[in-house]
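Undergrad: with the input below, show me the fold.
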Amino acid sequence: MNMSSQNPPLHTAAGGLDQLVRIAGAQPLDPACDHFYFLRHGQTGRNALRVFQAPDEPLSELGLQQAARAAGLLAGEPIRTVVCSDARRAFDTAHAVAAALRLTPTAHEALRERNFGALIGTSSANIDWACEPEGGETLAQFVSRKRAALDAALRQPAPVLVVAHGGTLYVLAALLGVTVDAGIMGNAQPLRFARTGPTWAVTPLLRHADGEAALA
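TA: All right, here's what the predicted structure looks like:
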């Protein structure tokens, strides 16, 4: 993915995303639904600094504003189920959106961002998804966990909204054969996934002006 000069790259040219796509593509996801929604959590302080985060990282003031903005956009969509990561940043974003929908989100640990182990607290500006961090998950373990979690989430009463992380979005797109670009990676950027026959496509409901595309 190429980013603007104002936004450092999420990964190097050989940053492991090709490997992520290959692993996910070996066992694609085939949901029974024909459309669903995805929302990455609002910004955190460590997003802004491009630092690997722990599950208890809270939303920043901007992140809270982004969550409220996303809630307003999604309030008009026919969402029946909200499923989220139990990491604080995703959990709080999901609750902001679910309140506008008059729904109660269901949180799952399996929807958390990849566990980067010993890398947590260090810079994620040049992330290599193929890395094998001490005390963390390998890429294959992460993709396998996400495949199972997303399959379970999309079996819920449709249309479903999944609120999770940047890494989740990479895996989800790869599982569905959808190309990811910087335009859909922003914090609290509501996305609608829909398919025509076997082909999936993703449409942003709004592109946030901040253009934030930091990891996780």
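Undergrad: CA only for contacts and neighbour counts going forward, please
TA: OK.
Undergrad: check the separation of the first and last residues in stretch 152-168.
TA: By Cα to Cα, to the nearest Å, the extent of stretch 152-168 from end to end equals 14 Å.
Undergrad: what's the neighbour count on residue 32?
TA: 10 (other Cα atoms under 10 Å).
Undergrad: where do the helices sit along this structure?
TA: In the chain, the helices defined using DSSP state H lie at 17-25, 45-49, 61-74, 88-101, 139-153, 166-176.
Undergrad: mind checking which of those is nearest residue 80?
TA: Closest approach to residue 80 among the helices of the chain (Cα to Cα): helix 88-101, 8.5 Å.
Undergrad: list the buried residues for that closest one?
TA: For helix 88-101, a neighbour-count test (16 or more other Cα atoms under 10 Å) marks 88-98, 100-101 as buried.
Undergrad: now, the most widely separated pair of these?
TA: 88 and 101 (19.8 Å).
Undergrad: next, format the buried residues of helix 88-101 as a markdown table and append pLDDT and distance to residue 29.
TA: Compiled in a markdown table, the buried residues of helix 88-101 are given as follows (pLDDT from 0 to 100; distance: Cα to Cα, whole Å):
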| residue | pLDDT | distance to residue 29 |
| --- | --- | --- |
| 88 | 98 | 27 |
| 89 | 98 | 26 |
| 90 | 98 | 22 |
| 91 | 98 | 24 |
| 92 | 98 | 27 |
| 93 | 98 | 25 |
| 94 | 98 | 23 |
| 95 | 98 | 27 |
| 96 | 97 | 28 |
| 97 | 98 | 26 |
| 98 | 98 | 25 |
| 100 | 96 | 29 |
| 101 | 97 | 27 |
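Undergrad: from what I see, residue 173 and residue 180 are in contact.
TA: Yes - here residue 173 reaches residue 180: they are 6.6 Å apart, a contact under Cα atoms under 8 Å.
Undergrad: what about the two, which has more around it?
TA: residue 173 (21 against 16).
Undergrad: mind listing what the more buried one touches?
TA: Applying Cα atoms under 8 Å, 6 or more residues apart in numbering, we find residue 173 in contact with 179-180.
Undergrad: one more: residue 41?
TA: Shown in contact with residue 41 (Cα under 8 Å, 6+ apart): 63, 67, 89-90, 93-94, 163-165, 187-188.
Undergrad: same question, residue 139
TA: Shown here is residue 139, whose contacts under the criterion Cα under 8 Å, 6+ apart are 20, 129-132.
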